[in-house]
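**Student:** Quick one, structure for this:
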Amino acid sequence: MKKIRLYWTLFLVLQIVVLQILGYFPVFVELFYSNKFYPFISKFSRSILGWIPFSVGDLLYFLAVFFILKWFVKLFKTKNNWKNIILDIGFTISIFYWCFHLLWAFNYYRQPLFEKMNIEKEYSDADLLKFTQLMIQQTNAVQILITNNPKQKVVSTISQEEIFEKSILGYKNVAQQHSFLNYEKSSIKKSILSLPLSYMGFSGYLNPFTNEAQVNDRIPMINFPFTTCHEMAHQIGYASESEANFIGFLAATQNNDVYFKYSGYSTALRYCLRNWDVRNPELGKKLRSTINPGVLENFKDAAEHWKQYETFVEVGFEYFYDHFLKINQQEDGMESYSKFLNLLINYSKNHPIHF
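**Tutor:** Okay, the predicted model is just below:
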């Protein structure tokens with residue numbers, strides 16, 4: 001047993017070295033992992049676990065925490081050689097690290113969508129202005145379509161369960177144009193950890209070990225469809241947060257359901273406005289004045305919702321996750337979420353965005 005722990009600990013060092021090298025071969029990862037091995041293992045996981053009504057992945061995390069705490073208790077109760085302690089830790093981390101990458105995280109090293117879809121990386125202020133005006137136009141139009149009143153905020157009439165069921169339809173529409181974004185075998189669930197996720201400031205996450213898309217069931221309903229589509233993008237192998245946002249937007253806005261469209265357009269609009277807050281606050285104010293009051297009311301409600309969960313926990317976790325993303329090929333860290341505008345704005349130049 002001691003030899004096995006030693007080999008796994010040494011294997012952890014090898015894994016880290018290989019991953020550093022793998023970053024230089026994104027096309028190799030794209031061809032042999034993301035397009036061949038991963039689709040098989042992910043569909044298998046979703047087929048096995050998708051029908052179960054609760055989150056298996058969340059339960060696994062509870063069990064993992066239980067056994068870690070049990071190990072610590074045992075550590076303090078008995079005398080242990082420091083070498084054995086190091087081997088125990090190295091053995092555990094190595095297995096976790098291997099499963100994490102084999103089952104999903106090698107996708108961090110795949111070919112970027114910029115290259116795969118021949119999309120430019122940068123955009124100008126003029127490009128952003130044109131796109132922001134388009135998002136205002138689309139968001140206003142859908143808001144009026146739903147409420148028949150520009151001053152009335154949108155209140156969703158579809159349940160979270162219905163959103164899970166309908167979300168795959170948007171992906172079917174997107175796949176007609178981009179076949180590599182095809183989604184099969186649904187496995188989308190409300191997270192048992194929704195309360196702690198709220199305090200961490202997160203709307204959802206993908207469990208890389210079970211391939212279940214976990215959605216925080218406490219988030220505002222106008223954000224729920226977009227978040228669901230975002231996590232589904234992770235399920236089909238797009239680890240980058242900016243790419244998942246981009247794909248999530250396409251799947252939401254190309255869904256036939258108006259609440260999905262509103263969720264997608266309003267989310268992109270919020271990111272545009274945040275951008276103007278940094279680039280040109282005065283112009284940002286002028287652009288806000290053209291947004292329907294009902295839309296702004298939805299934005300206000302969402303901001304107030306998240307404000308109630310603001311604590312040091314969120315700050316600490318965002319710091320941790322920012323560094324986690326940077327370690328895993330996302331140099332912009334938490335800012336990578338907003339970088340999806342680079343993809344979306346340049347994509348929109350050659351692909352009309354309308355409802």
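**Student:** you'd agree residue 171 is up against residue 181?
**Tutor:** Yes - if you go by C-beta atoms under 8 Å, residue 171 and residue 181 touch, sitting 6.6 Å apart. In short, each C-beta sits where N, CA and C put it, glycine included.
**Student:** Can you pull the residues that touch both of these two?
**Tutor:** Common neighbours of residue 171 and residue 181 (criterion: C-beta atoms under 8 Å, 6 or more residues apart in numbering): residue 251.
**Student:** With residue 133 as the reference, measure out to the spatially closest residue to residue 288 that is not a sequence neighbour.
**Tutor:** Spatially, and ignoring its direct neighbours in sequence, residue 288 is nearest to residue 273 (6.6 Å; C-beta to C-beta, 6 or more residues apart in numbering). Counting by C-beta to C-beta, to the nearest Å, the separation of residue 273 from residue 133 is 12 Å.
**Student:** Looking at these two, which one has more neighbours?
**Tutor:** When residue 273 and residue 133 are compared for neighbours, residue 273 comes out ahead with 18 against 13, by other C-beta atoms under 10 Å.
**Student:** can you pull the contacts of the more buried one?
**Tutor:** Residue 273 makes contacts with 132, 284, 287, 288, as judged by C-beta under 8 Å, 6+ apart.
**Student:** now do the same end-to-end measure for stretch 182-195.
**Tutor:** 31 Å (C-alpha to C-alpha, to the nearest Å).
**Student:** Check the gap between the closest residue to residue 84 other than its chain neighbours and residue 89 for me.
**Tutor:** Nearest residue to residue 84, sequence neighbours excluded (C-beta to C-beta, 6+ apart): residue 2, at 7.7 Å. For residue 2, the distance to residue 89 (C-beta to C-beta) stands at 14 Å.
**Student:** And those two? Which one has more around it.
**Tutor:** Neighbours per residue (other C-beta under 10 Å) separate residue 2 from residue 89, with residue 89 holding more: 14 against 10.
**Student:** separation between the more buried one and residue 179?
**Tutor:** With C-beta to C-beta as the criterion, residue 89 and residue 179 are 44 Å apart.
**Student:** do residue 192 as well
**Tutor:** Distance from residue 192 to residue 179, by C-beta to C-beta: 34 Å.
**Student:** ok, now residue 214?
**Tutor:** Per C-beta to C-beta, residue 214 is found 27 Å from residue 179.
**Student:** For this structure, which helix or strand comes out least confident on mean pLDDT?
**Tutor:** helix 312-327 (a mean of 59; mean pLDDT, DSSP states H and E).
**Student:** sorry, back to before: looking at residue 171 and residue 181, which has the bigger crowd around it?
**Tutor:** Each of residue 171 and residue 181 has its neighbours counted (other C-beta under 10 Å); residue 171 has more, 26 against 20.
**Student:** and the more buried one, that's in a helix?
**Tutor:** Yes - checked against DSSP: H, G, I helix; E, B strand; the rest coil, residue 171 lies within a helix.
**Student:** so what's the nearest residue to it once chain neighbours are set aside scoring on pLDDT?
**Tutor:** Nearest-residue entry for residue 171: residue 183, 3.8 Å, with adjacent residues in sequence omitted and distances by C-beta to C-beta, 6+ apart. Predicted confidence (pLDDT) for residue 183: 96.
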